[in-house]
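Undergrad: Pasting the sequence and the predicted model now:
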Amino acid sequence: MKSRAAVAFAPNQPLKIVEIDVEAPKKGEVLIKNTHTGVCHTDAFTLSGEDPEGLFPVVLGHEGAGIVIEVGEGVTSVKPGDHVIPLYTAECGECEFCQSGKTNLCVAVRETQGKGVMPDGTTRFSYQGQPLYHYMGCSTFSEYSVVAEVSLAKITPEANHEHVCLLGCGVTTGIGAVHNTAKVQPGDSVAVFGLGAIGLAVIQGARQAQAGKIIAIDTNPGKFALATQFGATECINPKDHDKSIKDVLLEKNKWGIDHTFECIGNVDVMRQALESAHRGWGQSIIIGVAGAGKEISTRPFQLVTGRSWKGSAFGGVKGRSQLPDMVKQAMTGKIDLAPFVTHTLTLDEINQAFDLMHEGKSIRTVIRF
Ligand code: NAD
Ligand code: AHE
Ligand code: ZN
């Protein structure tokens, strides 16, 4: 079938809106019609050419919501008409990782996903006869997409897709990192580095967890109003200080902060976040994605004296088991999604979404098809 899509033909080039060909779903696959997609910083990261797994030409996008159109052979968990959120972290329920009870990092389709193809090693997308790669198992920047059955969370048809598409990545990642990765407890102190959708969702999760102090940090003070609305008790712009942000934090919090979250993808900030964590038990959660070749470092003494580093992917959330309930939480106001959607645009305008992100003017732009 034909599908309008925003295609990244090469790194660092604007996406081109073209009509692509989408093949029917094969065994274990599902054809979906995306109704909405958010634009996440990770899409910009891969477009920049910094992603070691980045492949071109590709249909980017991984924060969507849509409706099932057709199912391939053997698909039983969804049927045409079902409302779904595509998952870049699949959940097969059967692999060693799903069975472990310790992680959401299912491996059922991860290897082929990272190579931009479906589990059988081929692509369902092409443009003028040339194959296009899939992205993160989702490719939501296309009106129609083919995804693995294990990469779909079935959600209630009553949900507002313009909002719940953000549970496909940003908001779930931030809230999940607080509850599943850090396990923040009532009264704990929290510092959040970077106040995009991820950092703001961490703040929302920290408030749900009844954290005490919630310190919001960003070099763009335009993010502070929303951070405060979501529950930040203090906002700090590192540019307002002539010392490091670590020293600013430790000056007021002698032994450090219980939980720090890096939501930027900057390895220098990751070090500051780790070294701001509490002596003896503080932990720093890395959520931000850093470019090819970047490495983190600190003095081992920082770890010897009780701080620890952890990472979080999709907030540790198991998509098929847990997203349907998170959608319901959004519908009853327990998760507040509307303020994240600062802009809505059409697919033809998608490059503006990247501009708004880079200019620091948006939290999330949602594309409607
Ligand atoms: P964003 O661009 O919307 O927000 C980043 C924020 O960081 C901006 O507000 C920016 O002003 C701020 N910032 C930049 N440099 C700073 C600095 N030196 N000090 C303080 N603040 C600074 O991005 P986003 O969509 O919220 O994503 C954040 C990061 O999380 C990205 O690296 C993204 O790739 C990653 N991410 C990871 C996961 C995961 O599962 N681990 C999921 C989604 C996104
Ligand atoms: N491809 C990159 C890593 C990118 C990355 O870390 N992705 C996050 C999700 S970002 C969503 O916006 C993630 O969940 N990673 C775990 C996984 O299995 O992809 C690289 O460095 O190669
Ligand atoms: Zn994302």
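TA: Looks like it arrived, so ask away. Ligands and ions are numbered 1, 2, ... in the order given.
Undergrad: quick one: the helices in the stretch 1-150 of the chain?
TA: Using DSSP state H, counting those that start in this stretch, the helices found in the stretch 1-150 of the chain span residues 41-47, 96-100, 110-114.
Undergrad: which bits of the stretch 151-300 of the chain sit near ligand 3?
TA: Counting by C-beta under 5 Å from the ion, the stretch 151-300 of the chain comes close to ligand 3 at C169. C-beta here means a position set from N, CA and C on the backbone, and glycine is covered the same way.
Undergrad: how about the residue of the stretch 151-300 of the chain found nearest ligand 2, secondary structure?
TA: Closest approach of the stretch 151-300 of the chain to ligand 2 (C-beta to the nearest ligand atom) occurs at V289, with a separation of 4.4 Å. Using DSSP: H, G, I helix; E, B strand; the rest coil, the structure places V289 in coil.
Undergrad: before we move on, what about the one 4 residues further on?
TA: With three-state DSSP as the basis, G293 sits in coil.
Undergrad: again, but for A153
TA: Classified using three-state DSSP, A153 is strand.
Undergrad: if I read this right, it contacts D325, doesn't it?
TA: No. Counting by C-beta atoms under 8 Å, A153 does not reach D325; the two are 10.1 Å apart.
Undergrad: what about the two, which has more around it?
TA: Counted by other C-beta atoms under 10 Å, A153 and D325 do not tie: A153 has more neighbours, with 26 against 11.
Undergrad: mind checking pLDDT for the closest residue to the more buried one other than its chain neighbours?
TA: Leaving aside its chain neighbours, A153 sits nearest to L323 (3.9 Å; criterion: C-beta to C-beta, 6 or more residues apart in numbering). L323 carries a pLDDT value of 98.
Undergrad: residues contacting the residue of the stretch 151-300 of the chain closest to ligand 2?
TA: 41-42, 45, 51, 265 (C-beta atoms under 8 Å, 6 or more residues apart in numbering).
Undergrad: same thing but at 7 Å, please
TA: Neighbouring residues of V289 by C-beta atoms under 7 Å, 6 or more residues apart in numbering: 42, 45, 265.
Undergrad: try E275
TA: 246, 298, 302.
Undergrad: Angles on the backbone of it, please.
TA: The phi/psi pair for E275 (degrees, to the nearest 10) reads phi -80, psi -10.
Undergrad: repeat for L303
TA: phi -80, psi -40.
Undergrad: What distance do you get for it to ligand 3?
TA: From L303 over to ligand 3 the distance is 29 Å, taken as C-beta to the ion, to the nearest Å.
Undergrad: Use 150 as the first number for this chain going forward.
TA: Understood, numbering begins at 150; the last thing we discussed is L452.
Undergrad: hang on, the earlier thing: wait, doesn't the residue nearest to A302 sit right on L316?
TA: Yes. The pair L472 and L316 passes the contact test of C-beta atoms under 7 Å, sitting 6.0 Å apart.
Undergrad: what's the neighbour count on whichever residue of the stretch 250-399 of the chain sits closest to ligand 1?
TA: Of all residues in the stretch 250-399 of the chain, G345 sits closest to ligand 1, at 2.1 Å by C-beta to the nearest ligand atom. Per other C-beta under 10 Å, the neighbour tally for G345 reads 24.
Undergrad: OK, contacts around it?
TA: G345 sits in contact with 190, 412, 512, where contact means C-beta under 7 Å, 6+ apart.
Undergrad: burial of the closest residue to the residue of the stretch 300-449 of the chain closest to ligand 2 other than its chain neighbours, as a residue count?
TA: Computed as C-beta to C-beta, 6+ apart, the closest residue to V438 that is not its neighbour in sequence is G414, at 4.8 Å. By other C-beta under 10 Å, 21 other residues sit near G414.
Undergrad: Pull up the gap between G414 and ligand 3, please.
TA: 11 Å.
Undergrad: wait, that residue sits on I436?
TA: No. With contact defined as C-beta under 7 Å, G414 does not count as touching I436 (8.5 Å).
Undergrad: Name the residues of the stretch 400-518 of the chain found near ligand 1, please.
TA: Taking C-beta under 6 Å from any ligand atom as the criterion, the neighbours of ligand 1 within the stretch 400-518 of the chain are 412-415, 418, 436-438, 461-463, 506, 509.
Undergrad: Mind checking which of those residues land in helices?
TA: 418, 506 (DSSP state H).
Undergrad: Which one of the residues of the stretch 400-518 of the chain next to ligand 1 sits in the busiest neighbourhood?
TA: That'd be C412 among these, by other C-beta under 10 Å, with 30 neighbours.
Undergrad: Contact partners for that one?
TA: By C-beta under 7 Å, 6+ apart, the residues touching C412 are 341-343, 345, 347-348, 351, 436-437.
Undergrad: 10 Å - rerun?
TA: The contact partners of C412, by C-beta atoms under 10 Å, 6 or more residues apart in numbering, come to 190, 319, 322-323, 326, 341-352, 366-367, 418, 422, 434-437.
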